[in-house]
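[1] show me the folded form of this:
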Amino acid sequence: MATKRTTAIIILVLAASCICLGAYYYYTQMPQPVDEMSLRIYADPMTERLLQALNTGNYSSFSADFDSAMKSGIPEQTFASMVSTFHSKAGNYTSKTFVRGEALQGFTIAYYSAAFTSEPANVSVKVVFSSGGGPAKISGLWFDSPKLR
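    Residues are numbered from 1 along each chain as shown. Predicted structure coming up:
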């Protein structure tokens, strides 16, 4: 009788642990809301700077707010190729509209819709920021549009 009770308690504890771990995993994998006004204070000018740099081909301006991993991931020669691709497929950047912000796994993400002269569908821009206790830095950058695919 005692072993059945002990077994039942162990099963109950294991089930509760699995539920708690599942809930924790689900919560940490789901985007969380952010204070979009606070996000935009730094995200808007950083994003504007890098989008304007695509027009001018200015790598130092484009990478000014990158963290060290981003600078390694997009060196100057890669940027030159990126500029060429944007100019030939999407045209020149003209403006952006903030879409939304979210937090996920310690990063803050800003989403924009950017207008380019030769891309009627606009370009979706996703900029990932990390702070690491200091000022925010760009840790990730994605562009998507029909013409860029």
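[2] CA atoms for contacts and neighbours, from now on please.
    Will do.
[3] so where do the helices sit in this structure?
    Secondary structure of the chain (DSSP state H): helices at 2-29, 36-56, 59-62, 68-73, 76-85.
[4] mean pLDDT lowest for which of those?
    If you rank these by mean pLDDT, helix 2-29 sits at the bottom with a mean of 54.
[5] what is the neighbour count of Pro75?
    Taking other C-alpha atoms under 10 Å as the criterion, the count of residues near Pro75 is 12.
[6] for Leu50, same thing?
    Leu50 sits with 21 neighbouring residues when counted by other C-alpha under 10 Å.
[7] now do the same contact list for Ser63.
    50, 71 (C-alpha atoms under 8 Å, 6 or more residues apart in numbering).
[8] break this structure down into its domains, please.
    1-30, 32-144 (automatic domain parsing).
[9] partner residues bridging the residue most central in space within the chain?
    Central residue of the chain (C-alpha atoms, centre = their mean): Val128, 2.9 Å from the mean position. Beta bridges link Val128 to Ile109, Gly140, judged by DSSP bridges.
[10] surely it touches Ser139?
    Yes: in this structure, Val128 is within contact of Ser139 by C-alpha atoms under 8 Å, at 5.4 Å.
[11] what's near enough to touch the nearest residue in space to Glu36 that is not next to it in sequence?
    Excluding its sequence neighbours, the residue lying closest to Glu36 (C-alpha to C-alpha, 6 or more residues apart in numbering) is Gly101, at 5.9 Å. Shown in contact with Gly101 (C-alpha under 8 Å, 6+ apart): 33-36, 39, 108-111.
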